[in-house]
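Asks: quick one, structure for this:
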Amino acid sequence: MWTLAIVDDDRQVLGGMSRLIPWEQLGIRPIGEAMDGEEGLRLIRAAKPDIVITDIYMPVMNGLEMIEQLRKQQFDGKIIILSGYSDFDYARKALRLQVDDYLPKPASPATIREVLQRVIAELSEKRAAENREQELQDRLMQYEPYLEREWVKSVLTGGTFSPPTGPYRMLDRLGWKGAQFMMLALEIKRQGRTEGISARDWHLFRFAVGNTVEELARQDGLRSYFLELHSHHMTLLLYKPLPWPAEAFRSEVLALAGRIIESVDRYLQVKLRIGAGLRKDDWTAIADSTEEAFQALAERREPDANHPCIYVYTEAGFRHPAARNVRPVRFFQEMADAVRTFDEPRALLALEDFASSDSGVAQLSPGELAALGTQLFAILSFTLYDSGHKLDDELPPSDLSKELGLIENAQQWKAWVAEKVKRICRRFTPNENLKHKETVEFIIQYIHEHYAENIHLQDVADQVYISKNYLSTLFRQFTGETFGDYLTRVRMEKAKSMVLEKKLFIAEIAERVGYRNVPYFTTLFKKHTGRSPTEFYRA
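Replies: Coordinates of the predicted model:
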C-alpha cells in the first residue's frame, strides 16, 4: 500500500478527490491533508508519503517553494502538481524541481487516476530495483568472509582472483596499507599422534593447530592472517606498520615461529616444520615471501640457530638464477583444488600453465624436477586422504622415487605428471554424488567458522536447501558421526586450547564456544577430555 499526502488550500478540491478517487483500488492510503505549503512541509516531513499532490498558489508558502525545500531535504517521493496556473515560468521551475507531472485544474478523476497509476508503476519498479540491490548487498555481506579468504589466498599464492568490492576495500579491511610483511609456511609432520588417524580426526587436528597458531599470533602483538592451503600445509602472514624497524620485525616473527613449534608440540603433541620468507615492503610482494617460505621449507637449508625446525630463506643457496621464476605454491594449490574434486581438465590446465615455455620449469635440473614431483605428490596424497583415499595404493613411495629418478627434462616431467593425474582422477572419482560430498564439506567449514553461535542442523539445512533428515543422513554417511557430535567435538577442541591458555574464566570459555549453561559445558568437557576444565587447567 502506497501512501499519499494532498496539499491544497481549496477545500472543494480536497473533498472532491477524497470522494471520487478509488484510493483502495489503486493501492493508495491517504495519510493527511494540508492547506498551505508550510503546513504541507511539516506533514510530509513527519509522514514521509510516497506521493504528494500539491497546488502551486497557496498562502504562507506556495507549492513550488515547498517542493524546493523538500528537494533540499532529499525527499525522493513522487510529486504531482495540480494547479489552475499554467504559466510557462511555473512549469519550467516545476521541471527543474523534478516534478513527476503537472496537471491543470480542473482535472477529471479519470486523468488523476491515470497519472497515479503511472506514478505507482514507477514506484513499484524503483522499489523492486532497490530490493534487488539490497538482496545483492546482503548476499555480498554474507559471502564477504569467503570472498576475503579467496582474495587473500590469491594474493598469497600469486593468483588472479579479484573481489567484487575491489582490492582497495580489502586492503582497508585487513590493515595492509603502509605495512611490511613476512610469511611463515607451516607443515604438519605425519608422525606421532597424526600418523594413521582417520580423515575426520585429521580435520580436527588441523583445526586445533590453526587455533593455537592464531591465538599465539594475537598474543604476540603482531597482526596476522592465518590460512590453510593444502591439507598439511598452512600459512601465517605477519605484518606491522612500515616505520617499525625491519630487523626487529624479523626477530619477532622468528621468535613467534619458535613459540608456535613449542606450543603445538607441548599441548597437541603435533610436530611442525616452519619455513620463513623474506620481509616485504608492499602487499603485492606477499606471494614472493610465500614462495620463499615454502622453498626454504622444502629444501630444509639454513635452519634457525635457536630452532632447528625453522628454515629461513636466504637469497643465496636456493635454486640457480635461471629457475628463480618457477613458482610452485600456486601450482600446488591449483592441483590440490582440482584433484580434491577429481577435475581432470582443471588439473591438466594448471599443469600446462605451470610448465609453459616461459615459466622456468625447463631450466630445472633432473634433481630439482624430482624434488618438485615429490612435493606435488605429497600434497596430493594428503589431499586425497581427506576424501578417504590412499594415494600410496596407486603410487607407492618406492615407485614414485624410482620413476622420478628416470626423468631427465621438463617435457618428460610434464608428461609423467599428466599421466599420473589422469590415473588418479579416473580411478578415484567417487560413485556417490559429488554435490553431496561438497555439501558436507561446506557444513564442516560452516561448523568451524560458527561453532560459537547457537547453530542447529535445521539452520544449515535451510542454507543448502536440503531437508534436515536427509542432511543428517548425508553428514553421518560422510563423516561417521552426527552433526551434533561433530559440533560438540569442534567446540571442545577450541575450549581445550582456551583452557590451556589460562587467560579466561571457565564461564567465559563456555560462552565463547556456544554454551550459556556452564554445568552442561563442564559435563561435556569432562566427557570429551576425561577431566573437568579445572582439572585440565591445573594439569
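Asks: pLDDT weak spots in the stretch 151-300 of the chain?
Replies: Filtered on pLDDT under 70, the stretch 151-300 of the chain yields the residue ranges 160-166, 191-200, 231.
Asks: can you show me the strands along the chain?
Replies: 2-7, 28-34, 51-54, 78-83, 101-104, 179-188, 223-228, 233-241, 272-276, 310-312 (DSSP state E).
Asks: please name every helix or strand in contact with the longest one.
Replies: So the one you mean is strand 179-188. helix 199-219, strand 233-241, helix 246-268, strand 272-276, helix 286-299 (3 or more CB pairs under 8 Å, 6 or more residues apart in numbering; DSSP states H and E). C-beta: built from backbone N, CA, C; applies to glycine.
Asks: and the first one, by the same measure?
Replies: Contacting strand 2-7 under the criterion 3+ CB pairs under 8 Å, 6+ apart are the following elements: strand 28-34, helix 37-47, strand 51-54.
Asks: strand partners (parallel or antiparallel) of that strand?
Replies: strand 28-34 (parallel), strand 51-54 (parallel) (DSSP bridges).
Asks: among the strands of the chain, which comes closest to residue 384?
Replies: Smallest distance to residue 384 across the strands of the chain (CB to CB): 14.7 Å, for strand 233-241.
Asks: pull out the buried residues from the closest one.
Replies: Within strand 233-241, the residues that count as buried by 16 or more other CB atoms under 10 Å are 233-240.
Asks: number of nearby residues for residue 460?
Replies: 21 (other CB atoms under 10 Å).
Asks: and the strands paired with strand 2-7, which is most packed in?
Replies: Counting by mean count of other CB atoms under 10 Å, strand 51-54 has the highest mean neighbour count of the strands paired with strand 2-7, with a mean of 26.
Asks: and the contacts of that one?
Replies: With CB atoms under 8 Å, 6 or more residues apart in numbering as the test, strand 51-54 has contacts from 2-8, 17, 28, 37, 40, 44, 63, 66-67, 70, 77-82, 116, 119-120, 123.
Asks: again, but for stretch 238-258
Replies: Here stretch 238-258 makes contact (CB under 8 Å, 6+ apart) with 175-176, 178-184, 216-217, 220, 222-225, 274, 276, 279, 281, 304, 306-307, 310, 312.
Asks: ok, 6 Å please
Replies: For stretch 238-258, contacts defined as CB atoms under 6 Å, 6 or more residues apart in numbering pick out 178-182, 184, 220, 222-224, 274, 279, 304, 307, 310.
Asks: how far does it sit from its chain's centre?
Replies: 27 Å (CA atoms, centre = their mean, to the nearest Å).
Asks: which one's the longest helix in this structure?
Replies: helix 109-157 (DSSP state H).
Asks: buried ones in stretch 254-271?
Replies: 254, 256-257, 259-261, 263-264, 268, 270-271.
Asks: er, stretch 103-122 I mean
Replies: 103, 107, 112-113, 115-116, 119-120.
Asks: got it, and stretch 4-24?
Replies: 4-9, 13-14, 17, 21.
Asks: take the helices and strands packed on strand 179-188 and write them to a markdown table, including distance to residue 360.
Replies: Shown next, in a markdown table, are the helices and strands packed on strand 179-188 (distance: least, CB to CB, whole Å):
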| stretch | distance to residue 360 |
| --- | --- |
| helix 199-219 | 32 |
| strand 233-241 | 22 |
| helix 246-268 | 27 |
| strand 272-276 | 20 |
| helix 286-299 | 12 |
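Asks: ok, which stretches of the stretch 301-450 of the chain are helices?
Replies: 328-340, 344-354, 366-386, 391-394, 397-405, 410-428, 434-450 (DSSP state H, counting those that start in this stretch).
Asks: next one: phi and psi at the spatially closest residue to residue 11 that is not a sequence neighbour?
Replies: Closest residue in space to residue 11, ignoring its immediate chain neighbours: residue 35 at 7.8 Å, by CB to CB, 6 or more residues apart in numbering. Dihedral angles of residue 35 (phi, psi; degrees, to the nearest 10) stand at phi -110, psi 10.
Asks: then residue 10?
Replies: phi -100, psi 110.
Asks: now it: closest residue in space that isn't a chain neighbour?
Replies: residue 55 (6.9 Å).
Asks: and for residue 467?
Replies: Residue 467 sits nearest to residue 461 (CB to CB, 6+ apart), 6.4 Å away.
Asks: repeat for residue 225
Replies: residue 237 (4.5 Å).
Asks: quick check: the farthest pair among the buried residues of stretch 4-24?
Replies: Greatest spacing in these, by CB to CB: 9 and 21 (18.8 Å).
Asks: would you mark the buried spots in stretch 178-187?
Replies: Quick answer for stretch 178-187 (16+ other CB under 10 Å): 179-187.
Asks: same thing with stretch 438-452?
Replies: Buried, per 16+ other CB under 10 Å, within stretch 438-452: 439-441, 443-444, 446-448, 451.
Asks: separation between residue 344 and residue 424?
Replies: Residue 344 is 9 Å from residue 424, where distance means CB to CB, to the nearest Å.
Asks: the two: who's more crowded?
Replies: residue 424 (21 against 18).
Asks: any chance of CSV for the buried residues of stretch 178-187, columns distance to residue 484?
Replies: Formatted as CSV, these follow (distance: CB to CB, whole Å):
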residue, distance to residue 484
179, 42
180, 45
181, 41
182, 41
183, 38
184, 35
185, 36
186, 31
187, 33
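Asks: so who does the nearest residue to residue 60 once chain neighbours are set aside touch?
Replies: Distances taken as CB to CB, 6+ apart put residue 36 closest to residue 60, at 4.1 Å, once the chain neighbours are dropped. Going by CB under 6 Å, 6+ apart, residue 36 touches 58-60.
Asks: and for residue 115?
Replies: residue 101.
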